[in-house]
Every structure is written in structure tokens, then in C-alpha cells.
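Novice: heads up, no residue letters with this:
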């Protein structure tokens, strides 16, 4: 009796889209930026990415297989994506064992212990990254110089690092500007920094791909970058000597990477567009505050983690405008 | 820019396989089973008994209450028994079995194809004729039409909306009807307008049926506007259609009449034409028989009570790889356990899905991608409604507007984790609905 | 409140010490004293405010409610009809009469304790146990279609009659298992049917409400968990029922005639044994032609009846499906 008719409630058709497809599409969207970082930082970049991906996948598999005794779900691609995003957020010179530690924290602590994919309150890759940043501040802020730039030094600071350092020493912005990469260089990625954050253009290309494949919607990236632009613009307008221009801020550092790939992490971002607006604006404001007034030169990972914490609250209180809602 | 509704919606593959096939008249079955409850409301009371001789169009069931509809014999022959048999709900329902003998019609029914476009009859008389003919909403909801045409006293209809959207994939019954019977349908629309006392009507047709739009435009008379709509599911939902055509939003919990609209299906309009102008009760309907592996996806004009299996045979026979039989379209239709069920007033189509199409993908964890929220045409949060229904938090479900769900299935359709969202929402809706009803008592 | 104040003080002191240590290298005694004094003052102030607020909003509660709640099992199962044990305790104290109240979990023992607290008499109810009235295992009741929806009996039942030809039978998704707070029901993987652990079952009735097919009944508990019941709810005509399931009750009424205690009724082609009238004489069991009457936890029969009625390995402990 193998040919029994199937009965199920409607609907009887499905889009055919799946969690795996979503994860692999995001990975595809990250590949151009990865390729560029290999071009810029050499095979070191590839090494970091490979170690991060492999250790994230391994940690998830081992935990599920031997500790939780569940059916491992590594094939859904989410662990690989976490690994890749983790690699994008660290300098290419990072030793391999730090990446393994970060993978254990990201997957073990931030994801599997909460119940695996879909149940983690915080973005695992960012938890791993922030853990490293706090535990190994020197290794995490020693940036190899890009091969493509004509700089002799083996290491160089990130544009945001240079900016913060310079302003801290009391220099005016106009004195610093010549040392900072131009907007065009920021867009194309001729600058020091983490693996994946250097080329804004290629990240935007990935964004375009994700939009076309309908993996994410435009809302969160636009809200985040828009808020950074507007808020920084206001500061710049008030005091151009103290604050850098807004375009510089959205092109540099992790702004693009964070807004397009980290803040849009489905699990940890709000469900409704109104909620996403609140979430994006929150990230933008916190980022600008940390960058301009905080101790760290870059703040988007902290901003995203902080807003991740607000996501359940936002989901509870910010609802979509219902059809036929009574006023 | 074509009109459509603003919130949510999905684009399932259209698969209108039978769109080019003209309506054929299905062969008379040898016996029929006519269920007494083919509509929303109380099942009809049988007025015949075993051994009675009936003609085509004879009344065999009397409406049992206001929200109910009469049942007519669709064939001539002898009542073989009054018994219960499974209908598409999967539970046995009472009905009348008739063995077919010949094809003898009641005398006052006009069986010709001649168009009778003029009428000289007032609203109440039209409603009486509709009620007498047992007409119900033919789009699938099967709400008795005469009840819909009698709005509550404190409300006034302004516009009649005719649903020619047919947003369900695969189905082409309404499409073919609008194409082949456009003038009759327009007369039906005029009759409905007269019954409601409105001067405006709009026919919403999705843009994937340009030939039907053209045919209806050609046939349309004063006061009837044909509105092409952008293709998007579930545009055929009453509230979505009103929003798309008029821009008005029916308030939560209210009926369309709250914004002055009454919505009827094109199939209903055609049935009204036949009932009023031809004295023909609702004994036939157009049924699409379709499926990717079916030899000849077709549109049949068939008698109510015909077994679905007979239509499947007429369309080339049941493919060997059939895994699921769906009564209706793939988004909202019901899967049935056997093809021996009868065509009823609400059967718009029979869809045969292949075995590999009929099993749902494996369910995974919710990744909170918010696609269900994006897809929901009522702007609800399906992931949340599912979670609270699963945990039986009925009060929370009610506060999250679970009763607004129109069960269109867009959420389950779109979920990448293939979660059974609508399954649980439907359960929650049923439970919350009964809680609300008990509270009112 | 004292503890709270102490906590605030300790915390404040530690915090101030830490702050001092962190910022300046030398230990500043003045700053330390100020900090401790200021924080202590805040603590005292808070304590005073809390005290007056607590006085202001104090609600008198019958102390017997706490006492009654103390003897209740604390399962919050709702089997008594109240929203949890606290609500039941309130109801008991408010009513002052226990004749209509019963905690199915605690049973007569708990009720008599409550009666002692309240100084009234408790009604004794005969203990009950949940019984699943379907025996249509995978072999007895062949599948007629394949269900592919969410794994919930309620959802499947709302959709259609089920994946067998019997629309009354168990669907096997375990809504009753989920509903049971005492882990007393589990699905037997061999039969696909739920089984009740009689000793763990408290007769709270949660499973009875959870089953959309109304298969579970709370029946009178007999010594040694013996029971005889019609394990079928199929009220179709005999032929239809039998076609759907080998062990369906076909309503032949043979058991009705066999019963000397008038415990059996037959309605809609379905027999029912009233557990309050049944004396467990086992006469009906052998009469049943479809084996739909089950006897459980009985010793093996002494006399072999008709065909393959007795299986030699029957013991008092084994579940004896009468064949």
C-alpha cells in the first residue's frame, strides 16, 4: 500500500525556498568581498576564512553529535555562514587558535546553547568577534597593510583608528585628512582593516545580489546606513573640525558589512518593518556615538549586539499595521 | 500602474494548464450523490424519500433556516437512498443518492442557449428567485447568495464587486466562463445590481487573463467597470479585492458591507442569470480538472453530484503517479481521500498533484526570517500566531488578531523552514472562535 | 527587608571600595566614609518607604488558604476545575464545604487533610483512572491514506476523519501525551496507541479534554488496576466498522445479554460498560466477537473458553488482550 493518497491541510504548494538556500545565498553574496580580501591581504585572508568556517562547522557538528546527541544540522549552512562572517570581522594576521576559540564562543555559547539555529538571541559571529576583541585587543587591532597600497609598513591602522587616534591627540580633522584614504579608496577597498570590511563596493554588490534573490529586504541596511549618514551629517554640519563627513563614516569600518550582513541576520532582527526601522535607527545612533565619543574607534558590532538584545522587546511591542486596523 | 492590494501577498507559479481549453459539457453520470449541506449554514431538509421519481431541477431539499440554501436534483431518475457519505470534509455527511434515468427536465426551465438580456423584475423578486434556485457563492466559500444580497438594515450597499480574479493557481473555471459567457455574466451582474439597488459594479480580473478582460469589456454595459488587476495571491480574498479595486479597507472583524461593498463571484453572477432569466436552479457548475501529469487538463460543465472520478476519467484518467487529490485550488483547496466524492456547489476545481509534489518539505526550526509577516495579506504575524496556538495561549492569540486570518496559506507557502504555520493558526482560530461564541452566550 | 538593607549596604561598600581601588592609587578614608554613609542612608530610606508602602497595601488573607495550598500536590493541573492549586485552595476556604470539591491528584487523602484544616467533612470519591478506548493498532486498522500535516491530533481531526477508515479512532500524534503533566501517558511505538500508566495517572482529566476524538474516559479504579472496557468508540454500522478495523465494536449486543449487572448499554452500534456498575465478572469479554472488549491485569482464566481464548503465558501482570 505504498501509493496511498496524501492528505494535508492547505496550502498544497510551497515556494521551494529553504533555509539552506537562504544561507548559501548569503555565503555567495559574501564571496566577491572575500575574493577581494585575498587579493589585498594575500593567502592569509584565505587561511583565516578557511579556519573560521571549518572550526565553526566542526564545533556545531561535534556539539550536536556528541554532547546534545541530536541530528547534526550543519548541512543547513548556517554554521559555515557564521564562520565566514567571523572571518570577515577579524584581521588577516590573526593566529588560527584564536579563530578556534572564537568559533567555540560563537557556535557553542552564542548559538547551540540557546537551542541552535533560530533560537539564539545574539548574532553568533559578532559574539565571537567581540569576545576576541576584548580578550586579545592587540591581535584584533593589528591590521596588515593592504598589498595594493603603496605603504611600506607591514601593518597599518584602520581609517577609523587613525581618525580616533589623531583626534585624541588634539589634531584638527583637516590635518588628519591627508593621511586618511580617499572616499574612492574606501569604496574600492584600498585600506587596512578586517578581512571583509574593506571594500564597500563589493559588499554593496553582495547586497544587490541578496535583494535580487529576495533573501533580505532593503529595510534594515537602509535604516542603519541612513541613520549613520544623517546623524553623522548633523554632527559634521555642527563642527566639521571635530567630526568627519558622513560619507566617510558609512564607507569605512564595518558599517557596510554590519548593516548588510550582520544586522540583517534574520534570527536576531525584528520581524515587522516598523520594528526593523527602530532596530536600524538604534544601531545607527549607537554606532555614531561609539565612533565619535566612545573609547573604541569602531562600534557597529557593539551597536548590533545591543540592539539584538532589544529585538524580543521590539517584537512584542512593535506590530505591523494590521489590515483594517481600527483607529 | 495596475491596481492591487497593498499588504503582503505571494506569487505562486500560475500553472493555468487548462486556460486554453474551452468548456466542455461532461457526460451524465449514472448515479449522483447530492449532499444536503453544500453551503455555509444549516444543511437543507430533504423533501424526497427513497423511491421518489425526480426530474432535473426538482427541489429535493428545503432550506433549514435563514442562512441555508435549497437543493435541487441535477438529474432525472429515482432516489435510491438517503444516507451519509464522505464529502470533501472527510467526514460522512447526509445526502441524497439518485440513480439516473434519462434526462428529463422540469417544464419551466429554459434549456436553450439564447441570450435573454432584458428583464422587468424588481429587487425582492430577484432575491426570491435566487433563494429559490439555491444559489450560493461559487468561488468556494458557498455562502448563500440571497443572504448576502439582504444587507443588515442599518447599512447600505454602494458598489457591487464581482470577483473574476481567480488568483488560485491551476484553476481556470472562472476565466473560461468570463470568456465564453461574458454577455450572460454581465446580465447576471445587472440582476445582482438591481437586487442590491446599486448603480455601480466593478469586475476585478487579474492581468494574466487579457482575453477575459477584453471579452468582459466588450460585453459590459453602463455602470459596470472592468478593472484589470496586477497578479498577486490572494487577490480573490474578499477584503483584498475590495482594497485592490476601491482602496477601502474593511475594518477588522467587520463584513464588506461596512465599507459599502458586496462581493460576488463571476460564477455566482452567471448562476443568477440562469436562475432569473432561464428559471434554472443551481444544478450545474464549471469545474476545472487539472494537474501536471493529467493527459488533458480541462474545464467541464458538470452536474452537481457527479463523482469526481468521472471527471478525472473524462480528462484523460487518473495518472499513476498521483499523490494527492485536491478539491479546489492548491492554496486553499482540500485534499481528499478518495475521488468518489461528488461535485458540489463550491467545487471550483479538481487538482491532481504528482506524488513528488504532494509531500511537504521537512520542517526545520523557525529562523525568524519574517517572510510570513511579509507575506500575510492581513498584516498578521503568522510565526507568533503559530507559536501561541501551539502553546494554547488563546487569549494572546485573540489579542494578536488571530480571527482576522483569512486562511489564504501565504505564510505556509512562503516559509523556508516549511513550518506548518497555517495548520496551527487554523486550530487557534477555531478554538478562539468557539471561546468568543461561548462568551457571547 | 533586613536582608535587603544588608544587601544594599554590602553592595555599596564593595562598590565604593572597588571604585576607590580602581581610580586612585592611595586609599582615601574620607571618601570611603562618605560613600558608606550615603549608601547606608539610601538603604535606610528605602527600607522605611518599603515598610510604609507594604503597610498601606496590605491585604488580609485567610491563613487557612496557605495551609490548604500547602497540602495540595502543587501540580497546577486544573483537574479540579480551578485555575491551579492556589485557586482551588481559595475555593475550598471560601466555600467552607468540600462536598462538591475534589482534588483528583491528591485523592481522598489530601481531601481529608483539607477537611481537617477547615474543620469540615470531606466527600470521598472513588479514585478514577484514564482509559483509552481505542485498540485500533496499526495491524488491526489499516491505513487508507497518508496524513502529512502538522503532528497534532487536534489539527488532523479538524481537517478530516483520519488516516484510516475509522473516523472515531485514535490518531496517534499524542496530544494526550503533551497534555499529561504527570508523564502517565506514552505512545506505544508498536501499536501507535497511547498507553496509560495507572499508577502515575491522577485522573486530572487533562488528556480527556485534549483528545479531539473523545477516546479517553476517567473510569473507576479497581483493585490491582483491573479493568474491563469497550476499547472502541466507532458508532458506524457493524459492517462499516468491521471493515475499517478488526477490533471495532459492531454493536451486536451479545455482551449486553451476557452482563448480569446491567452495566452494559448499546447505542448507535456501540457498546459501553459503565465502570460504576461493572463488577468485573468478565462474562462479557468472551462474548465479544470482535475482541473489542479488553480485560486488563486479570489472572489467567481457569477454564479455556472456545477457540484460542487463553494464551498460556498469561500472568497477572501481563496485559491480557482477550483473543
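Specialist: Perfect, thanks for sending it. In this text, all values refer to a predicted model and were calculated from it rather than measured experimentally.
Novice: Going by neighbour count, which residues of the helix or strand encompassing residue B:398 are buried?
Specialist: Here residue B:398 sits within helix B:394-399, counting by DSSP states H and E. Using 16 or more other Cβ atoms under 10 Å in any protein chain shown as the test for burial, helix B:394-399 gives B:394, B:396, B:397, B:398. Quick note: C-beta positions are derived from backbone N, CA and C, even for glycine.
Novice: The third one contacts residue B:433, correct?
Specialist: Same thing as residue B:397. No. Using Cβ atoms under 8 Å, residue B:397 is not in contact with residue B:433; the gap is 10.5 Å.
Novice: Stretch B:187-201: how far from the chain's middle?
Specialist: Offset of stretch B:187-201 from its chain centre (Cα atoms, centre = their mean, to the nearest Å): 20 Å.
Novice: what about that stretch, average pLDDT?
Specialist: The average pLDDT for stretch B:187-201 rounds to 94.
Novice: Equivalent analysis for stretch C:175-183, please.
Specialist: 92.
Novice: just to revisit the earlier point, is the helix holding residue B:398 anywhere near chain C?
Specialist: No. Helix B:394-399 stays clear of chain C (Cβ under 8 Å from any Cβ of the partner chain), getting no nearer than 12.4 Å.
Novice: For that helix, name the packing helices and strands.
Specialist: helix B:382-390, helix B:421-440 (3 or more Cβ pairs under 8 Å, 6 or more residues apart in numbering or on different chains; DSSP states H and E).
Novice: Which one, of those, ends up nearest to chain A?
Specialist: In terms of Cβ to the nearest Cβ, the element of the helices and strands packed on helix B:394-399 nearest to chain A is helix B:421-440, at 5.0 Å.
Novice: how does chain A divide up, domain by domain?
Specialist: Following automatic domain parsing, chain A resolves into domains at A:19-140, A:159-317.
Novice: Quick one: mean pLDDT over the last one.
Specialist: I take that to be domain A:159-317. 89.
Novice: what do you get for stretch A:86-96?
Specialist: Mean per-residue pLDDT for stretch A:86-96: 92.
Novice: And for stretch B:75-95?
Specialist: Across stretch B:75-95, pLDDT averages out at 88.
Novice: does the nearest residue to residue C:90 once chain neighbours are set aside sit in a helix or strand, and which one?
Specialist: Once flanking residues are discounted, residue C:90 sits nearest to residue C:65: 5.6 Å by Cβ to Cβ, 6 or more residues apart in numbering or on different chains. Secondary structure from DSSP H and E places residue C:65 in helix C:63-71.
Novice: Tell me how far that helix lies from the chain's centre.
Specialist: 23 Å.
Novice: Mind listing what's buried along it?
Specialist: C:64, C:65, C:67, C:68, C:69, C:71.
Novice: gap between the two ends of stretch B:353-367?
Specialist: One end of stretch B:353-367 to the other measures 29 Å (Cα to Cα, to the nearest Å).
Novice: what does it rub up against?
Specialist: The contact list for stretch B:353-367 (Cβ atoms under 8 Å, 6 or more residues apart in numbering or on different chains) reads A:3, A:6, A:8, A:12-14, A:18-19, A:22, A:73, A:76, A:78, A:115-119, A:266-267, B:291-293, B:319, B:321-326, B:330, B:383, B:416-420, C:148-149.
Novice: OK, contacts around residue B:207?
Specialist: B:2, B:213, B:228, B:229, B:230, B:231.
Novice: the inter-axis angle of whatever helix or strand comes next after the helix holding residue C:65 versus helix C:63-71?
Specialist: The helix or strand immediately downstream of helix C:63-71 is helix C:85-95, counting by DSSP H and E. Interaxial angle, helix C:85-95 versus helix C:63-71 (axes from the mean of the first three to the mean of the last three Cα atoms, to 10 degrees): 140 degrees.
Novice: For chain B, just list every one of the helices.
Specialist: For chain B, helices defined by DSSP state H occupy the ranges B:123-132, B:145-148, B:173-180, B:182-196, B:210-219, B:238-246, B:266-278, B:308-314, B:355-358, B:371-375, B:382-390, B:394-399, B:410-414, B:421-440.
Novice: now for those helices, which one comes closest to residue C:42?
Specialist: helix B:394-399 (39.2 Å; Cβ to Cβ).
Novice: Give me the contacts around the closest one.
Specialist: B:385, B:388, B:389, B:428, B:431, B:432, B:435, B:436.
Novice: Please produce JSON lines containing these, extended by pLDDT, neighbour count and distance to chain C.
Specialist: Formatted as JSON lines, those follow (pLDDT from 0 to 100; neighbours: other Cβ atoms under 10 Å in any protein chain shown; distance: Cβ to the nearest Cβ, whole Å):
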{"residue": "B:385", "pLDDT": "96", "neighbour count": "28", "distance to chain C": "13"}
{"residue": "B:388", "pLDDT": "95", "neighbour count": "23", "distance to chain C": "14"}
{"residue": "B:389", "pLDDT": "94", "neighbour count": "28", "distance to chain C": "10"}
{"residue": "B:428", "pLDDT": "95", "neighbour count": "27", "distance to chain C": "10"}
{"residue": "B:431", "pLDDT": "94", "neighbour count": "18", "distance to chain C": "8"}
{"residue": "B:432", "pLDDT": "96", "neighbour count": "23", "distance to chain C": "13"}
{"residue": "B:435", "pLDDT": "94", "neighbour count": "13", "distance to chain C": "14"}
{"residue": "B:436", "pLDDT": "94", "neighbour count": "12", "distance to chain C": "17"}
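Novice: coming back round to it: any idea which of the helices of chain B is most buried?
Specialist: helix B:410-414 (a mean of 29; mean count of other Cβ atoms under 10 Å in any protein chain shown).
Novice: quick one: the residue nearest to residue C:90 from residue C:88, how far?
Specialist: 10 Å (Cβ to Cβ, to the nearest Å).
Novice: same question, residue B:124
Specialist: 59 Å.
Novice: excluding its backbone neighbours, what's nearest residue A:228?
Specialist: The shortest distance from residue A:228 to any non-neighbouring residue, by Cβ to Cβ, 6+ apart, is to residue A:284 (4.6 Å).
Novice: In a helix, the one you found, correct?
Specialist: Yes. The assignment for residue A:284 by DSSP: H, G, I helix; E, B strand; the rest coil puts it in a helix.
Novice: who's in contact with residue 111?
Specialist: Answering for chain A, as no chain was given. A:60, A:79, A:82, A:117, A:120, A:124.
Novice: nope, chain C
Specialist: By Cβ under 8 Å, 6+ apart, the residues touching residue C:111 are C:98, C:101, C:102, C:103, C:122, C:123, C:124, C:125.
Novice: For the closest residue to the last one other than its chain neighbours, give its distance to chain A.
Specialist: This points to residue C:125. Once flanking residues are discounted, residue C:125 sits nearest to residue C:102: 5.0 Å by Cβ to Cβ, 6+ apart. Distance of residue C:102 to chain A, computed by Cβ to the nearest Cβ, to the nearest Å: 39 Å.
Novice: just checking, residue C:102 touches residue C:126?
Specialist: No. Counting by Cβ under 8 Å, residue C:126 is not a contact partner of residue C:102; they are 10.5 Å apart.
Novice: Looking at chain A, what residue ends up closest to chain C?
Specialist: residue A:8 (4.0 Å).
Novice: Surely that residue and residue C:155 touch.
Specialist: No. Between residue A:8 and residue C:155 there is no contact under Cβ under 8 Å: 9.8 Å.
Novice: Now for these two: what residues contact both?
Specialist: Shared contacts of residue A:8 and residue C:155, counting by Cβ under 8 Å, 6+ apart, come down to residue C:149.
Novice: can you map out the strands along the stretch 201-323 of chain C?
Specialist: C:216-220, C:227-230, C:264-267, C:270-273, C:293-296 (DSSP state E, counting those that start in this stretch).
Novice: Fine by me, we can end here.
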